[in-house]
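Chemist: coordinates only, sequence not included:
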């Protein structure tokens, strides 16, 4: 297997390097004859060099002593130069070695290489490596690590290939370093070959190598392979535990991430701020607010350092769990904010449809002038204007971006927000013309945004044109078929509805089923449309019917346009009562105490009828109801939603 890896990696050729040239300044510096008390006369004094702060005197003494300079003195000097990143002084030490024809041992060559990498001079470090008459595994690994840390993956892999050709056996640090560079499609294939070498050299159970292996698999989306590596580790540290939890969270496998975290906690795992940040990411996906609060409390009790990345994760978690108030408290308490902090808070307000808060926070960011907005910042503000019905301010910001006032080049996402903004406002013709004027080829997502707007505003003419375009671009995307079918159903064109559904069957396109979740007593309950699986489904259906009767007395009228079937009105109303969000809402009311907010999450967009249903239920029971769909939040209090019925 190692020969197979060599064959894969040996396509690149070795570079040739010219010897280092010494500057005139260094030569003059070495010629200085200044009388100083010797700090290098006795090698035992070398350890005191750092604490005494005698670097300058030592360099002068080095120049005086010339060839009599001892090896221990070089080591101490270079260690001091590495620690202080003293580039000029370290170059003088190297120059002295060359001028006195001193042949350093392997360790000192390696230390020179580390000195140059620490100062960001990878070219000089590589020349040192190439000039070494002998190299050991530490020398190779030091240079490979330097390339890897600076993001030069191909150079690191080339050097690893040369190391194998030199018959130097890699150690655990070499493997851990090279695995970190195996990213992307081609990198993953190389990573699998490196894994074979790891097994052959019996390093698979070494903690550093194991952590790098599972991290490599997780980043490639191969979470099952990562889990196998994790379970085979004879011992686990916080790095390996965090890597596997983060892998699940980044792939959106949130429940598995939380279950694994809970299990490892019971087994005595130590967690750091990165672990908690990964757990908060998973809880964001589940919208599990109570669990998120518990994790926040655990962080406070354990006095985990509040690094910016952890605070950003808290902002994101609270925002996605429907509590922008808590998110803002965390944001306001931060002593230092990065652009990611601002973006997380801005996006939180945007997802909740609080457009004015988005604009106000953005103006505060510009006023403080501590952090410059980036493309994501502007995307969040445009999205907030779109969701909040602030078309005028959104278009003004977009023109500012076009004119270069924010130092950010307009991207596809910015154009997409503007089209979404115009579509939500019912300006469908303007949105269509805007797409045609774009400097980019419009993506399916942009066409999809316009199609959704046509469905909301019942514009069949433009919607049919856009829908047909989308079916050509994305023939496997079930959502496009569904929206086009619903648009036809709204217009009563049932023959076209049947044609679209027949086309779906012909192309074997499967629509994602609607699902809703509600959390009770720290247990997440899942409901499907017309659910037949929940153990209390009978009680839940009866509760939905009872709610419908009560809120009809308050003025609720079912929106039958949300039932996309060619059946009579009575059957349509029955279909509407089986929507998953209504079932979850009813169950939440049944299982929670009076006055406690009910939070429902749905995997698809919440329909208009379910939104109206929740508004009347909120008014009837004086309950706060939070509905989160795949796009945004709806906070309903006393029958009034924060979205202003604009989404």
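Modeler: Yep, that arrived. Values in this document were obtained by computation on a predicted structure and should not be read as measured data.
Chemist: residues near residue 528, how many?
Modeler: Number of residues near residue 528 (other C-beta atoms under 10 Å) recorded here: 17. Every residue, glycine included, has its C-beta placed from N, CA and C.
Chemist: ok, it - contacts?
Modeler: 513-515, 580 (C-beta atoms under 8 Å, 6 or more residues apart in numbering).
Chemist: buried subset of these?
Modeler: 514-515, 580 (16 or more other C-beta atoms under 10 Å).
Chemist: tell me the helices in the stretch 501-647 of the chain, going along the chain?
Modeler: 537-552, 569-577, 580-591, 608-621 (DSSP state H, counting those that start in this stretch).
Chemist: most packed of the ones you listed?
Modeler: Ranked by mean neighbour count under mean count of other C-beta atoms under 10 Å, these are led by helix 580-591, which reaches a mean of 24.
Chemist: list the contacts of it.
Modeler: By C-beta under 8 Å, 6+ apart, the list of residues contacting helix 580-591 reads 514-518, 520-521, 525, 527-529, 531, 534, 536-537, 539-541, 543-544, 547, 576, 598-600, 602, 606-607, 610, 613-614, 617, 621, 623, 625, 627.
Chemist: can you tell me how far residue 154 is from residue 147?
Modeler: With the distance defined as C-beta to C-beta, to the nearest Å, residue 154 ends up 9 Å from residue 147.
Chemist: and for residue 458?
Modeler: 59 Å.
Chemist: higher neighbour count, these two?
Modeler: residue 147 (24 against 11).
Chemist: and that one, what pLDDT?
Modeler: Predicted confidence (pLDDT) for residue 147: 90.
Chemist: same question for residue 640.
Modeler: For residue 640, the predicted pLDDT is 88.
Chemist: just the endpoints, please. Distance across stretch 552-572?
Modeler: 16 Å (C-alpha to C-alpha, to the nearest Å).
Chemist: what about it, average pLDDT?
Modeler: 75.
Chemist: can you pull out the strands in this protein?
Modeler: Using DSSP state E, the strands of the chain run over 515-520, 523-528, 598-602, 625-628, 633-637, 640-641.
Chemist: redo these as CSV? Include distance to residue 437.
Modeler: Output for the strands of the chain, formatted as CSV (distance: least, C-beta to C-beta, whole Å):
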stretch, distance to residue 437
strand 515-520, 39
strand 523-528, 43
strand 598-602, 35
strand 625-628, 34
strand 633-637, 32
strand 640-641, 34
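Chemist: mean neighbour count, those: which tops it?
Modeler: strand 598-602 (a mean of 26).
Chemist: other SSEs contacting that strand?
Modeler: strand 515-520, helix 580-591, strand 625-628 (3 or more C-beta pairs under 8 Å, 6 or more residues apart in numbering; DSSP states H and E).
Chemist: Serialize these to CSV and add fields for mean pLDDT and distance to residue 492.
Modeler: Putting the helices and strands packed on strand 598-602 into CSV (pLDDT from 0 to 100; distance: least, C-beta to C-beta, whole Å) gives the following:
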stretch, mean pLDDT, distance to residue 492
strand 515-520, 87, 29
helix 580-591, 92, 25
strand 625-628, 89, 29
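Chemist: need these in CSV (columns: distance to residue 159).
Modeler: Shown next, in CSV, are the helices and strands packed on strand 598-602 (distance: least, C-beta to C-beta, whole Å):
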stretch, distance to residue 159
strand 515-520, 49
helix 580-591, 55
strand 625-628, 49
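Chemist: tell me which of the ones you listed sits nearest to residue 281.
Modeler: Comparing the helices and strands packed on strand 598-602 against residue 281 with C-beta to C-beta, the closest turns out to be strand 625-628 (16.2 Å).
Chemist: the closest one: partners in the sheet, and parallel or antiparallel?
Modeler: Under the criterion DSSP bridges, strand 625-628 sits next to strand 598-602 (parallel), strand 633-637 (antiparallel) in its sheet.
Chemist: pLDDT below threshold where in the protein?
Modeler: Residue ranges of the chain with pLDDT under 70: 1-73, 185-186, 561-569, 646-647.
Chemist: find the residue at the geometric middle of it.
Modeler: The centroid of the chain falls nearest to residue 250 when counting by C-alpha atoms, centre = their mean (6.6 Å).
Chemist: that'll do, ta.
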